[in-house]
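> sequence below, structure please.
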Amino acid sequence: MKSDANARADHAQGPFYRRLIDRLAAIEDGAILRVAFFIMLAGTAAVLFVDFRELTDNQTTTEPATFQPIPPPASDGPDTGPMPDITTAPDILQQPLEIALGSAGRLTLTGTIDPGSATRFASEIEARGEYVQSIVLDSPGGSVEDALAMAELIHEQGLTTRVEAGALCASSCPIIFAAGAARLASPEAAIGVHQIYATAMSGDPQNAMRAAGVAMSSAQTTTARIIAGLTRSGVDSALWLHALETPPERLYYFSADEMQRLNLVTEFVQD
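Okay, the predicted model is just below:
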């Protein structure tokens, strides 16, 4: 039989869980909820910190994509002819666009259409006045926005465009060529197109999805502008169907017959 002293000892020195229950029972419900809330908040902050650190680590270690001129392999489609002979050195084509004035009013554009090319081109046209009569192209393409702006100016000035034998006019370059009031080319000229593409994407999946949506919308708007420019110059807009069907890493080269049938070339010349 337990005495009163033993009963008090059992109550004061009982198992740990019993003492814990007694202490929790003494705490107000509101205080318990506040403690639980702060614990949950601290846990959420820790998770967000880890996610943020991983995201920033990925963004700092991932190198952004930079524009590189697409090499000119021919598309392997069933209607594609042999790849034209391109005599311009690849390292020259990969350099930023060089604008040089030659004899007989020929303004030669050689190299990649880098961002800012349209501004330099417009300055050159303004400085040379009416001396410039024709634009001679040798370019793997590049910035579509710059190409469209250059095409607009060529159309306004009523200039002739030209692609010589062994020269390359690919990707966005044909947009410029098609804007000429007269469009001269050698039957051996390499003129090719492919799909418009984005040059960089975000490392963050959500931003990447958002960027992809913007890029798709932009590509459709740009395609409409390109087709409008072709139609304005009298070029068959079916020409751009070959661009839409050809992946960015390939090029669809036009045969001499196609250039003539699509009215891309108004006159063939022998250089």
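
> from now on I want contacts and neighbour counts done on CA atoms only, so please keep to that.
Will do.

> wait, Ser134 sits on Leu107?
Yes - counting by C-alpha atoms under 8 Å, Ser134 does reach Leu107; the two are 6.2 Å apart.

> quick one, helices of the stretch 151-271 of the chain?
Taking DSSP state H, counting those that start in this stretch to define them, one finds helices in the stretch 151-271 of the chain at 173-177, 205-233, 239-245, 256-261.

> among the ones you listed, which is nearest Asp85?
helix 256-261 (13.5 Å; C-alpha to C-alpha).

> what's next to that closest one, contact-wise?
Pro187, Glu188, Val265, Thr266 (C-alpha atoms under 8 Å, 6 or more residues apart in numbering).

> filter the residues you listed down to the ones in strands?
With strands defined by DSSP state E, no entry of those lies inside them.

> for these, which entry has the maximal number of neighbours?
Val265 (26 neighbours; other C-alpha atoms under 10 Å).

> neighbours of Ala167, how many?
The number of residues near Ala167, taken as other C-alpha under 10 Å, comes to 27.

> out of the helices of the stretch 151-271 of the chain, deepest packed?
helix 173-177 (a mean of 27; mean count of other C-alpha atoms under 10 Å).

> let me see the mean pLDDT of stretch 90-100.
Stretch 90-100 comes out with an average pLDDT of 95.

> quick one: buried residues of it?
Within stretch 90-100, the residues scored as buried using 16 or more other C-alpha atoms under 10 Å are Leu93, Gln94, Gln95, Pro96, Leu97, Glu98, Ile99.

> ok, the contacts of helix 256-261 vs Pro84, which is closest?
Glu188 (6.7 Å).

> that closest one and Gly166: what is the separation?
Glu188 sits at a distance of 7 Å from Gly166 (criterion: C-alpha to C-alpha, to the nearest Å).

> which residues touch Ala100?
Taking C-alpha under 8 Å, 6+ apart, we find Ala100 in contact with Leu107, Thr108, Leu109.

> try it again at 10 Å.
With contact taken as C-alpha atoms under 10 Å, 6 or more residues apart in numbering, Ala100 is in contact with Arg106, Leu107, Thr108, Leu109, Thr110, Glu124, Val136.

> can you report phi and psi for it?
When read as degrees, to the nearest 10, the backbone of Ala100 gives phi -130, psi 140.

> 52 is where my numbering starts, stick with that
Fine by me, first position is 52 from now on; the one you just mentioned is Ala151.

> helix/strand/coil for Pro166?
coil (DSSP: H, G, I helix; E, B strand; the rest coil).

> which residue packs closest to it, ignoring adjacent ones?
Ser194 (5.9 Å; C-alpha to C-alpha, 6 or more residues apart in numbering).

> follow-up on the earlier one: tabulate the helices of the stretch 202-322 of the chain (JSON lines), appending distance to Ala200 and mean pLDDT.
JSON lines is the format used below for the helices of the stretch 202-322 of the chain (distance: least, C-alpha to C-alpha, whole Å; pLDDT from 0 to 100):
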{"stretch": "helix 224-228", "distance to Ala200": "9", "mean pLDDT": "97"}
{"stretch": "helix 256-284", "distance to Ala200": "11", "mean pLDDT": "75"}
{"stretch": "helix 290-296", "distance to Ala200": "18", "mean pLDDT": "93"}
{"stretch": "helix 307-312", "distance to Ala200": "23", "mean pLDDT": "95"}
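
> now these in JSON lines, with distance to Gly180?
Conversion of these to JSON lines gives the following (distance: least, C-alpha to C-alpha, whole Å):
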{"stretch": "helix 224-228", "distance to Gly180": "19"}
{"stretch": "helix 256-284", "distance to Gly180": "23"}
{"stretch": "helix 290-296", "distance to Gly180": "32"}
{"stretch": "helix 307-312", "distance to Gly180": "31"}
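
> so which of these comes closest to Gln321?
helix 307-312 (12.8 Å).

> that older thread, what touches both of Glu239 and Gly217?
Pro135, Asp136, Ile137.

> most neighbours among those residues, which one?
Of these, with other C-alpha under 10 Å as the count, Pro135 tops at 22 neighbours.

> bridged to the nearest residue to that one once chain neighbours are set aside, which residues?
Nearest non-adjacent residue to Pro135, counting by C-alpha to C-alpha, 6+ apart: Ala241, 5.4 Å away. Ala241 has these beta-bridge partners by DSSP bridges: Leu219.
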